[in-house]
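S.K.: Below are the sequence and a predicted model for it; my questions follow.
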Amino acid sequence: GQQVMQIPQYQHVQEGEDFTTYCNSSTTLSNIQWYKQRPGGHPVFLIQLVKSGEVKKQKRLTFQFGEAKKNSSLHITATQTTDVGTYFCAGSRSTLGRLYFGRGTQLTVWP
Amino acid sequence: DAGVIQSPRHEVTEMGQEVTLRCKPISGHDYLFWYRQTMMRGLELLIYFNNNVPIDDSGMPEDRFSAKMPNASFSTLKIQPSEPRDSAVYFCASSFRSTENYEQFFGPGTRLTVL
């Protein structure tokens, strides 16, 4: 069954608006990763979060890992058309275990 | 580094035919993963290897699917016989698992269409 739930499935925003996608697991995760897949492309690693409550930033992107290590979020400030794509979270229950990918959030940005 | 290499990039075949997908991981990586992506089911892990040994094949749909990794630089995913419901994009990914970084590097994928 689905190990990692991700919402929303789709998000349409006007350029300049903010965007957030959420990821939830029923079990405690060892770490969580975020990937971006452009249309017609392959998933590309963005970041990894390991510590409880961890917050990491990459320019306009902010990633958070929940205190209980069961949820995570990706927030994009002031979206640009280059942000278009599908954002996936992927969690692992053990240090070297398999990744469980969420279904992804497909982001469309209108110019 | 050329990254993860997959071949073919596109494959169109008829139901019942054997299909072989190939992957060359990034040199030095000790983990290799095979994923399948469809609109209906998203990104699914089929099998993964560590140092050429299969670790978890619980995602392999059925006996028609098999995967091998004869050496550190090559892996195959075989479907025999193929069925229309196998149509999907198949990704190979590799990683070098240190204690701090578990990033997976994905190949460009093979788009399989079974008619």
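M.R.: Sure thing, it's come through.

S.K.: so what's the residue nearest in space to the middle of chain B up against?
M.R.: Using Cα atoms, centre = their mean, the residue of chain B that lies closest to the mean C-alpha position is B:Trp34, 2.9 Å off. B:Trp34 sits next to B:23, B:45-48, B:67, B:75, B:77, B:90-92 when contact means Cβ atoms under 8 Å, 6 or more residues apart in numbering or on different chains. Heads up, the C-betas are built off the backbone N, CA and C, glycines and all.

S.K.: at 7 Å what do you get?
M.R.: B:Trp34 makes contacts with B:46-47, B:67, B:77, B:90, B:92, as judged by Cβ atoms under 7 Å, 6 or more residues apart in numbering or on different chains.

S.K.: Same check on A:Glu54?
M.R.: Taking Cβ under 7 Å, 6+ apart, one finds A:Phe65 in contact with A:Glu54.

S.K.: what's the distance between it and A:Ser25?
M.R.: 15 Å (Cβ to Cβ, to the nearest Å).

S.K.: coming back round to it: which strand or helix spans the residue nearest to the centre of chain B?
M.R.: Per DSSP states H and E, B:Trp34 falls inside strand B:31-38.

S.K.: and that strand, C-alpha only, in PDB?
M.R.: Extracted C-alpha coordinates of strand B:31-38, given in PDB (Å, rounded to 0.1, in the frame of the first residue of the first chain):
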ATOM      1  CA  TYR B  31      23.200   0.700  -5.200                       C
ATOM      2  CA  LEU B  32      21.100   0.200  -8.300                       C
ATOM      3  CA  PHE B  33      17.300   0.700  -8.500                       C
ATOM      4  CA  TRP B  34      14.700  -0.100 -11.100                       C
ATOM      5  CA  TYR B  35      11.500   1.900 -11.000                       C
ATOM      6  CA  ARG B  36       8.400   2.000 -13.100                       C
ATOM      7  CA  GLN B  37       6.300   5.100 -13.600                       C
ATOM      8  CA  THR B  38       2.700   5.300 -14.800                       C
END
